[in-house]
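*Asks:* Make a model of this:
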Amino acid sequence: MMHNRIISGFLLSGLLLASGAAAQSAAQTLTFGLSGEPISLDPSVTADGNSAYVQTQIYNSLLSFKPGTVELQPDLAQRWTTSPDGLTWTFYLRQNVKFQDGTPLNAEAVRFNFMRWWNPSFSFGAAKPFLGWKNNLGGYKGEDGSIVKDVRVKDPYAVEVVLNTPYPALGSVLADAGLFGMASPAAIKKNPAQYGTPAGLAVGTGPFMLKKWNSGVNVELTKNPAYFRAGLPKSSNLTFRFVKEPSSRLNELLTGGVDIAAELLPDQLQALKANPKLTPVLRPALNLGYLGLNTSYKPLSDVRVRTAIATALNKKAMVDAFWNGLGLTDGHLIPPPLAKNYAKSVTDYKYDPAAAKKLLTDAGYPNGFALDLWYMPVSRPYFPTPKPIAEAMAADLSAIGIKVTLKTEDWSAYLQDRQEGKFQAFMLGFVYVTDPDSAYTYLIAPGATTDINWNSPEANTALESVRKQPSADKRLPLYQKVDEIMFREAVRIPMVHSQLLVASGAGVKGWVPSPTGSEKLDTVEK
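*Replies:* Predicted coordinates:
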């Protein structure tokens, strides 16, 4: 009898210990609800947000942003300098940092990463399209628009990036770990083609290491015990679950299936506020949703017609209706966190259908004209409900005689056809631009305007001049001039800058959402 009681006691003790260990393990596992599966965990292969979020945990970049801001701070580079002519950036690396496979982070490893992204002939690039590089740095080695001229090892812990033309945004561009995170050369060399895929490796210096990518389900990460920042990460395990629908992400947050949910919709804010266990958080509006007007379509080649369209749209009413208080509209292409670069003369287009009708008449279209308006087939932070928003635009334009036909197609085809200039008018935008130069390069540089078939020598001259100015104060009036030009020309009509809704569940501490859309989760714990 006593013997049985002793055994039972041991069993009970064991069960209690096992239960406690399981509870501790669950508490140390942070689960994040993503809106979809990453495309790749190989930096710079893609610029999608889901890939970036996971990559940000695995990799470090040369520079980073201070938590909650777009202010630069050291990361793998302890410090950096720029030559007086703006053409040579030198990054001085931290020493004694290792990749998660134990190999050293040094200048040769950094150069290896740059060569993969920049040089299509590099042996270990596996002929991948490093679109993050192409879209942010003007093109690959040998292409006319390439901003980078050379990447050199200055000493074992110093790298020089030499430019063809000054580019003040370089620091902000390289601070994005989802695009320019440093990967282990040794890991890449094992299988360059599979690196970053579910069947391959993803090895950086970051707080979390890739454990397993379960296609269609989740990505499992585990703590990097050799992370160079002492005491971090706070969580032992980090899992990214793929939850496509915003309603499902909110339900998972409510039931504890995820601890943090990304990319929620504005109309879900009230449900979050009503639940005391949930914490809604707004990312600063570091984005833009715009209406693009292709000037190769004859009516849209006339600036009076484009201005008439801008004047006919009741943008404020649309933002109030579709963004639930989380959006704002103005006349600027670059978002509010970069507002110091705004021209004082630019406010917004005044909603005035009568004035818009007169502009059309003056331009030779008293009875209006037909217009195909393409709307996105997917929800994005800047256009959460594209079709109803497009319908509202069409209603406003019909009031001044413009006969709108709404069209859409598969997302990949939409992006391709838009880039090739096949649309008359279209909805699009960007997220997480951290520098006015990179924003304008994306929107109006000669190689970026094939979708609107428009070019402004005046704006391009201002951007060329701004890059030659070493002082931020001297760059301001030139950016403000570009702001004035783009408002006047109305080829991309700013519709909204949207604050992005995210939320955390009970017990989550240490989470500081970044304006850039993805932040390291090394300080977060339950």
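*Asks:* After the lowest-mean-pLDDT helix or strand in the chain, which helix or strand is next?
*Replies:* Ranked by mean pLDDT, DSSP states H and E, the helix or strand of the chain with the weakest confidence is helix 2-27, at a mean of 39. Going down the chain from helix 2-27, the next helix or strand is strand 29-34, by DSSP states H and E.
*Asks:* downstream neighbour of that next one in the secondary structure list?
*Replies:* Downstream of strand 29-34, the next assigned helix or strand under DSSP H and E is helix 49-58.
*Asks:* I'd like to check which residues are in contact with residue 76.
*Replies:* By CB atoms under 8 Å, 6 or more residues apart in numbering, the contact set of residue 76 is 60-62, 93-94, 97, 105, 110, 182, 205. (C-beta placed from N, C-alpha, C; glycine too.)
*Asks:* change it to 10 Å
*Replies:* By CB atoms under 10 Å, 6 or more residues apart in numbering, residue 76 lies in contact with 59-64, 91, 93-94, 97, 105, 109-110, 177, 181-182, 204-205, 228.
*Asks:* and what of residue 419?
*Replies:* By CB under 10 Å, 6+ apart, the contact list for residue 419 reads 428, 448, 450-451.
*Asks:* still on that earlier bit, strands - which of the contacts of residue 76 land there?
*Replies:* Counting by DSSP state E, the contacts of residue 76 place 63-64, 91, 93 in strands.
*Asks:* what about residue 163, how many neighbours?
*Replies:* Applying other CB atoms under 10 Å, we find 22 residues neighbouring residue 163.
*Asks:* Also residue 518?
*Replies:* Counted by other CB under 10 Å, the residues lying close to residue 518 total 21.
*Asks:* Go ahead and confirm it touches residue 500.
*Replies:* No. When contacts are counted by CB atoms under 10 Å, residue 518 is not listed as touching residue 500 (11.3 Å).
*Asks:* Need the residues touching each of these two.
*Replies:* 262, 432.
*Asks:* which sections of this protein are below the confidence cut-off?
*Replies:* Where the chain drops to pLDDT under 70, the residues are 1-27.
*Asks:* coming back round to it: ok, so of the ones in strands among the contacts of residue 76, who is nearest residue 141?
*Replies:* Using CB to CB, residue 91 comes nearest to residue 141 of the ones in strands among the contacts of residue 76, at 19.2 Å.
*Asks:* Was I right to think the closest one contacts residue 152?
*Replies:* No. Here residue 91 lies out of contact with residue 152, judged by CB under 10 Å, at a distance of 11.2 Å.
*Asks:* of the ones in strands among the contacts of residue 76, closest to residue 314?
*Replies:* residue 64 (40.4 Å).
*Asks:* Which residues are in contact with that closest one?
*Replies:* Residue 64 touches 56, 71-77, 174-177, 514, 516, 519-520, counting by CB under 10 Å, 6+ apart.
*Asks:* So what's the residue count around the closest residue to it other than its chain neighbours?
*Replies:* Take residue 64 and drop its neighbours on the chain: the residue closest to it by CB to CB, 6 or more residues apart in numbering is residue 75, 4.0 Å away. Neighbour count for residue 75, taken as other CB under 10 Å: 23.
*Asks:* before we move on, what about residue 95?
*Replies:* Neighbourhood size, residue 95 [other CB under 10 Å]: 12.
*Asks:* Was I right to think it contacts residue 78?
*Replies:* Yes. The criterion here is CB under 10 Å, and residue 95 meets it with residue 78 at 8.7 Å.
*Asks:* shared neighbours, these two?
*Replies:* Taking CB under 10 Å, 6+ apart as the criterion, residue 95 and residue 78 both touch residue 157.
*Asks:* roughly how far apart are the closest residue to residue 218 other than its chain neighbours and residue 518?
*Replies:* Nearest residue to residue 218, sequence neighbours excluded (CB to CB, 6+ apart): residue 241, at 4.8 Å. Computed as CB to CB, to the nearest Å, the residue 241 to residue 518 distance reads 16 Å.
*Asks:* now residue 266
*Replies:* For residue 266, the distance to residue 518 (CB to CB) stands at 20 Å.
*Asks:* same question, residue 84
*Replies:* For residue 84, the distance to residue 518 equals 34 Å [CB to CB].
*Asks:* And residue 287, by the same measure?
*Replies:* 13 Å.
*Asks:* Mutual contacts of the two, please.
*Replies:* What both residue 287 and residue 518 touch, as defined by CB under 10 Å, 6+ apart, is the set residue 432.
*Asks:* quick one: contacts for residue 123?
*Replies:* By CB under 10 Å, 6+ apart, the neighbours of residue 123 are 115-116, 189, 192.
*Asks:* now swap in residue 210 and tell me
*Replies:* Contact analysis of residue 210 by CB under 10 Å, 6+ apart lists 41, 54, 57-58, 100, 187, 196, 200-204, 219-222.
*Asks:* that's a helix at it, yeah?
*Replies:* No. Per DSSP: H, G, I helix; E, B strand; the rest coil, residue 210 lies outside any helix segment and is strand.
*Asks:* Show me what it is bridged to.
*Replies:* In this entry, residue 210 is beta-bridged to residue 221, by DSSP bridges.
*Asks:* Can you lay out the ones in strands among the contacts of residue 76 as JSON lines showing distance to residue 415?
*Replies:* Shown next, in JSON lines, are these (distance: CB to CB, whole Å):
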{"residue": "63", "distance to residue 415": "29"}
{"residue": "64", "distance to residue 415": "29"}
{"residue": "91", "distance to residue 415": "33"}
{"residue": "93", "distance to residue 415": "36"}
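*Asks:* Name only those of these that count as buried.
*Replies:* Taking 16 or more other CB atoms under 10 Å as the criterion, what is buried in the ones in strands among the contacts of residue 76 is 63-64, 91, 93.
*Asks:* is it true that residue 474 touches residue 465?
*Replies:* Yes. Residue 474 is within contact range of residue 465, at 9.5 Å (criterion: CB under 10 Å).
*Asks:* for residue 372, helix, strand, or coil?
*Replies:* From three-state DSSP, the assignment for residue 372 is strand.
*Asks:* so who does residue 268 touch?
*Replies:* Residue 268 makes contacts with 246-247, 249-250, 253, 261, 280, 324, 501, 503, as judged by CB under 10 Å, 6+ apart.
*Asks:* And the residues you listed, which two are furthest apart?
*Replies:* 253 and 324 (17.9 Å).
*Asks:* Give me the more crowded residue out of the two.
*Replies:* The neighbour count for residue 253 versus residue 324, taken as other CB under 10 Å, is higher for residue 253 (29 against 16).
*Asks:* so how far is residue 171 from the residue nearest to that one when sequence neighbours are not counted?
*Replies:* In this structure, residue 253 finds its nearest non-sequential neighbour in residue 261, 4.4 Å apart by CB to CB, 6+ apart. Separation of residue 261 from residue 171 (CB to CB) stands at 31 Å.
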